[in-house]
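1. could you work out the structure for the sequence below:
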Amino acid sequence: MRILPTDGHVHSEWSWDAPLGAMEQTCARAVELGLPAIAFTEHTDFTTWAVLNRDIHQDPVRKPHASPEGLMVPPRLDVEGYRECLERCREKYPSLRIIHGVELGESHWVREQAATLLAEGGFERVLGSLHCLPTGPDRVLAEVSGVYLDRPADQVVRDYLAEITRMIEGSDLFGVLAHIDYPTRAWPLGTFDPGQFEEEFRHALRALAAGGRALEVNTRNQPFPEIVRWFRDEGGQIVTFGSDAHTPDGITKGFREAVDMVEAHGFRPGRHPYDRWTR
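-> Residues are numbered from 1 along each chain as shown. So this is what the prediction gives:
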């Protein structure tokens with residue numbers, strides 16, 4: 001039976017939005033599944049968001065941290081506690097390679113704070129992600145699901161992909177771009193067609209490939225084969241897989257289908273099972 005690739009995007013109780021996460025149970029599940037490696041990429045966010053979509057507070061896997069002004073204020077990652085927990089898991093599960101990582105949000109807007117935290121943490125893997133966009137005349141940041149209340153849906157996606165490009169070009173702090181299709185999670189108009197935004201996707205993917213960075217195939221939603229194909233067309237060389245799991249039973253969700261799709265587009269596993277896939 002084929003060995004599944006590393007799950008390179010996993011959250012535990014050390015992520016502010018994963019109260020049901022549990023690192024030890026996640027590692028046990030990874031061993032049960034025969035995974036060669038797992039990367040804990042805990043949320044590291046320095047931006048504050050306006051809460052335009054109140055449903056975000058009703059999601060059982062999120063832990064709200066709202067200010068009196070109605071802003072989402074993510075707490076600082078407990079780097080020391082996270083590292084100590086990870087080392088305990090390494091001792092308990094020696095057959096599993098456990099990668100120490102973070103998911104760094106909007107790093108081009110918070111370069112100084114992000115660089116300081118990365119230097120403090122010594123992380124092995126850094127994902128770059130974009131979860132919010134400026135809204136309204138005051139350019140207040142809001143999580144993307146709420147931005148759909150602010151402007152037409154197609155414009156939200158175009159604005160998101162333009163900001164992704166600015167993030168890639170404006171920050172060298174991350175090595176893997178997480179969930180480039182993030183806006184599709186809240187897409188309000190039925191089935192999402194990535195072909196409608198091919199030019200914008202290609203522009204962002206071209207910037208990612210030019211920097212030699214990796215594209216994450218995120219399986220929280222069914223990934224789009226077109227995006228992997230466009231990345232390859234634009235010179236992309238490296239892909240990773242990530243479930244974006246926030247609970248132990250969510251790891252590797254959709255991986256078998258994603259592996260087949262990525263392989264069909266010319267990417268192959270590295271020499272070691274925990275390597276990133278390359279062309």
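
2. off-centre distance for the helix or strand of the chain with the lowest mean pLDDT?
-> Lowest on mean pLDDT, DSSP states H and E among the helices and strands of the chain sits strand 71-72, with a mean of 78. Centroid displacement of strand 71-72 relative to its chain, using CA atoms, centre = their mean, to the nearest Å, is 20 Å.

3. now for that strand, which elements pack on it?
-> Packed against strand 71-72, as judged by 3 or more CB pairs under 8 Å, 6 or more residues apart in numbering; DSSP states H and E, are the following elements: strand 49-50. The C-beta positions use only the backbone N, C-alpha and C, and glycine is treated the same way.

4. what's the mean pLDDT across the strand it packs on?
-> Mean per-residue pLDDT for strand 49-50: 82.

5. which other helices and strands does it contact?
-> Judged by 3+ CB pairs under 8 Å, 6+ apart, strand 49-50 is in contact with strand 71-72, strand 140-143.

6. which residues are in contact with the residue nearest the centre of the chain?
-> What sits nearest the mean C-alpha location of the chain, by CA atoms, centre = their mean, is residue 178, with 3.5 Å. Residue 178 sits next to 9, 41, 103, 127-129, 216, 218, 242, 244 when contact means CB atoms under 8 Å, 6 or more residues apart in numbering.

7. need these in a markdown table (columns: secondary structure, pLDDT and distance to residue 23).
-> Listed next are the contacts of residue 178 as a markdown table, based on DSSP: H, G, I helix; E, B strand; the rest coil; pLDDT from 0 to 100; distance: CB to CB, whole Å:
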| residue | secondary structure | pLDDT | distance to residue 23 |
| --- | --- | --- | --- |
| 9 | strand | 98 | 14 |
| 41 | strand | 98 | 12 |
| 103 | strand | 98 | 15 |
| 127 | strand | 98 | 17 |
| 128 | strand | 98 | 22 |
| 129 | strand | 98 | 20 |
| 216 | strand | 98 | 20 |
| 218 | strand | 98 | 20 |
| 242 | strand | 98 | 16 |
| 244 | coil | 98 | 16 |
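
8. would you turn those residues into JSON lines with distance to residue 235?
-> Shown next, in JSON lines, are these (distance: CB to CB, whole Å):
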{"residue": "9", "distance to residue 235": "23"}
{"residue": "41", "distance to residue 235": "25"}
{"residue": "103", "distance to residue 235": "25"}
{"residue": "127", "distance to residue 235": "21"}
{"residue": "128", "distance to residue 235": "18"}
{"residue": "129", "distance to residue 235": "22"}
{"residue": "216", "distance to residue 235": "17"}
{"residue": "218", "distance to residue 235": "21"}
{"residue": "242", "distance to residue 235": "22"}
{"residue": "244", "distance to residue 235": "26"}
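
9. give me the neighbour count for the closest residue to residue 207 other than its chain neighbours.
-> Spatial nearest neighbour of residue 207, excluding adjacent residues (CB to CB, 6 or more residues apart in numbering): residue 168 at 4.5 Å. Residues within reach of residue 168, counting by other CB atoms under 10 Å, total 25.

10. same question for the longest helix belonging to the chain, mean pLDDT?
-> As assigned by DSSP state H, the longest helix anywhere in the chain is helix 153-170. With pLDDT averaged residue by residue, helix 153-170 scores 98.
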